[in-house]
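[1] can you look at this prediction? I've put the sequence above it.
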Amino acid sequence: MSYLWLFEGEYTAGIIDTLCSLLTANGKRLYNYRGRAAQTMTDIGDVALCDKFYFLENNGFSGITRLDFKFIRDCIAHQNVLTLDDNRILVPRNRQKVKMRNKACDKDEINIEIKLRELQEFIDEMDGKLADLIKKYSPEVRV
């Protein structure tokens, strides 16, 4: 659960949504599944994460869209994971459902504590870069 909390909070809402907001404030168009342009942070929050990743990649920010982190998030959020001892989990290869007795399903073992630390380090690095971008590209606030 810590991984999901960190991914959904600091990474998605804190970095991905903020960067999407910065781009939309500077004239880029991000659309939700209904084809409506997202204009507010609430609108951006309603856009699917895969669409946000695609939007960021198409606007030159492919380094911020880490599919490896998203894959683990998806497995945890959709309960497609088996928990082992010592902070290890099993996740499926090829997007199959993980089942303990399903020998046909290839699984990868992941140390979730290490992945959590890697995600936090990545977030910390991106926070600094995002702060620089905000200073550079934020529209002027007029009173």
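    It's in.

[2] for this structure, which spans come out with low pLDDT?
    Per-residue confidence for the chain (pLDDT under 70) gives these ranges: 1, 94-105, 137-143.

[3] going along the chain, name the strands of it.
    Along the chain, counting by DSSP state E, strands occupy 82-83, 88-92, 107-111.

[4] and Glu57, which of those is closest to it?
    Of all the strands of the chain, it is strand 88-92 that lies closest to Glu57, at 23.2 Å by Cβ to Cβ. For glycine as for every other residue, the C-beta is placed from the backbone atoms N, C-alpha and C.

[5] okay, buried residues for the closest one please.
    Residues of strand 88-92 classed as buried: 89-92 (neighbour count, 16 or more other Cβ atoms under 10 Å).

[6] paired strands for it, with orientation please.
    Next to strand 88-92 in the sheet, as set by DSSP bridges, lie strand 82-83 (antiparallel), strand 107-111 (antiparallel).

[7] wait, which of those strands is closest to Glu8?
    In terms of Cβ to Cβ, the element of the strands paired with strand 88-92 nearest to Glu8 is strand 107-111, at 18.2 Å.

[8] report the buried residues of the closest one.
    By neighbour count with 16+ other Cβ under 10 Å, strand 107-111 contains the buried residues 107, 110.
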